[in-house]
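**Q** When you get a sec, could you give me coordinates for this:
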Amino acid sequence: MHDVYIEILVMTIKEQYIGEKTFYEGVLNLDESTWEQWKQGNYSLSGEQSQQIKNLFSDYEWMLLQKILRQTIIFPEKRTGAIQEYRQMKTRIAQAWLKADLAEVSVKQEENHNAQFVAVKVIVNYGKWGYDDVLSFRLPAKIQQQIEKEHVALLDWLHDNLEETYLENGS
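**A** Predicted structure coming up:
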């Protein structure tokens, strides 16, 4: 199993589920031992379980993950910074979409294990169901207060602060 893939996967699970245990027990119906065996490449998941893992990512995020993995195969020295590069590329792509006025932004308050978050989705809509490109970000709830307090437009805030905020709140 590719270590970078597992690192990015675990980071994504922690963003969405706070901890791995919630995901592997609640979604995949695995115990800790089986989950660890799978991460080490010593266990095969069912097709349904593999799809549940892929569903952690939007189609566009999955494609970006594949590009990051390919980069780390071609340039092994990139392996140590792969998570940071994945997160940075997500923010840069989202900012480029917004700057070019290609994307819409969806913001939703979330609470997970008493932690407050703002779920931000940057969406390029092609007018046909199932073909949208989506990048998702889970940011601390304080950003919504910052936007409201400073009377900053959401798009301006995203342009100026998304990368820094998303990268500093990474696992």
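
**Q** And the contacts of stretch 25-44?
**A** Met1, Ile6, Val10, Tyr17, Glu20, Lys21, Tyr24, Leu45, Gln49, Gln52, Ile53 (C-beta atoms under 8 Å, 6 or more residues apart in numbering). Yep, even glycine has a C-beta here, placed from its N, CA and C like the rest.

**Q** What remains of those if I keep only buried residues?
**A** Buried members of the contacts of stretch 25-44, counted by 16 or more other C-beta atoms under 10 Å: Val10, Tyr17, Glu20, Tyr24, Gln49, Gln52, Ile53.

**Q** Including pLDDT, could the residues you listed go into CSV?
**A** Shown next, in CSV, are those (pLDDT from 0 to 100):
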residue, pLDDT
Val10, 95
Tyr17, 86
Glu20, 94
Tyr24, 97
Gln49, 97
Gln52, 97
Ile53, 97
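
**Q** Tabulate the residues you listed (JSON lines), appending distance to Ala96 and secondary structure.
**A** Formatted as JSON lines, the buried ones among the contacts of stretch 25-44 follow (distance: C-beta to C-beta, whole Å; DSSP: H, G, I helix; E, B strand; the rest coil):
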{"residue": "Val10", "distance to Ala96": "27", "secondary structure": "helix"}
{"residue": "Tyr17", "distance to Ala96": "29", "secondary structure": "helix"}
{"residue": "Glu20", "distance to Ala96": "32", "secondary structure": "helix"}
{"residue": "Tyr24", "distance to Ala96": "35", "secondary structure": "helix"}
{"residue": "Gln49", "distance to Ala96": "34", "secondary structure": "helix"}
{"residue": "Gln52", "distance to Ala96": "30", "secondary structure": "helix"}
{"residue": "Ile53", "distance to Ala96": "27", "secondary structure": "helix"}
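
**Q** Out of the residues you listed, which is nearest to Leu98?
**A** The shortest approach to Leu98 among the buried ones among the contacts of stretch 25-44 belongs to Tyr17, at 27.3 Å (C-beta to C-beta).

**Q** Now the residue lying closest to that closest one once chain neighbours are set aside: which helix or strand?
**A** Counting by C-beta to C-beta, 6 or more residues apart in numbering, Tyr17 lies nearest to Phe23, which is 4.5 Å off, once chain neighbours are set aside. Element membership of Phe23, judged by DSSP states H and E, is helix 20-26.

**Q** what's the offset of that helix from the middle of its chain?
**A** Helix 20-26 sits 17 Å away from the centroid of its parent chain (C-alpha atoms, centre = their mean, to the nearest Å).

**Q** oh, and call the first residue 678 from now on, that's how I've got it
**A** From this message on, residue numbering opens at 678, which makes the last subject helix 697-703.
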